[in-house]
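my questions concern the predicted model and sequence given below.
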Amino acid sequence: MKPSKEKNKFEIILFWSLPSISKIQDYKLKSSKLKEAIARLKKVELITYNNEVLKLENIGIDSGRFFGLVEFKGKMKKILLNINSIKTIILL
């Protein structure tokens, strides 16, 4: 009976750890793409999971958080970016 309990614990741990590992890899990929945009000073187009398209003039990091500059009514507006809500990053 004891080996089956150990096997169940391992399966449960494996079941819960796999999604978190894939989210970490996804986060690293997106943050590296945003850092590349910062280094190249390129414009960026972001598509969120809500299918909202954001065209950013510039990307930056402030206090460890990514932000983007958007032109709004002729002025530049700073918006904070949530990496977890970004679906696709396109460097323009």
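Received the coordinates, thanks.

which intervals of this structure have sub-threshold pLDDT?
1-19 (pLDDT under 70).

now do the helices in it.
Applying DSSP state H to the chain gives helices spanning 2-40.

kindly export the top strand by length along the chain (C-alpha atoms) in CSV.
For the chain, the strand with the greatest residue count under DSSP state E is strand 65-72. Taking C-alpha atoms only, strand 65-72 is exported to CSV below (Å, rounded to 0.1, in the frame of the first residue of the first chain):
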residue,chain,number,x,y,z
ARG,A,65,8.4,46.6,-14.4
PHE,A,66,8.1,47.0,-18.1
PHE,A,67,6.2,50.1,-19.4
GLY,A,68,5.4,51.3,-22.9
LEU,A,69,5.0,54.8,-24.4
VAL,A,70,1.8,55.3,-26.4
GLU,A,71,0.9,58.4,-28.4
PHE,A,72,-2.5,59.6,-27.1
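
that strand - contacts with which helices or strands?
strand 53-56, strand 58-62, strand 75-80 (3 or more Cβ pairs under 8 Å, 6 or more residues apart in numbering; DSSP states H and E). Any C-beta I mention is one placed from the backbone N, CA and C, and that applies to glycine too.

ok, which of the ones you listed comes nearest residue 92?
strand 53-56 (8.0 Å; Cβ to Cβ).

need the contact list for the residue nearest to the spatial centre of the chain.
Centroid-nearest residue in the chain: residue 83, 2.7 Å away (criterion: Cα atoms, centre = their mean). Residue 83 makes contact with 27, 30, 31, 34, 66, according to Cβ atoms under 8 Å, 6 or more residues apart in numbering.
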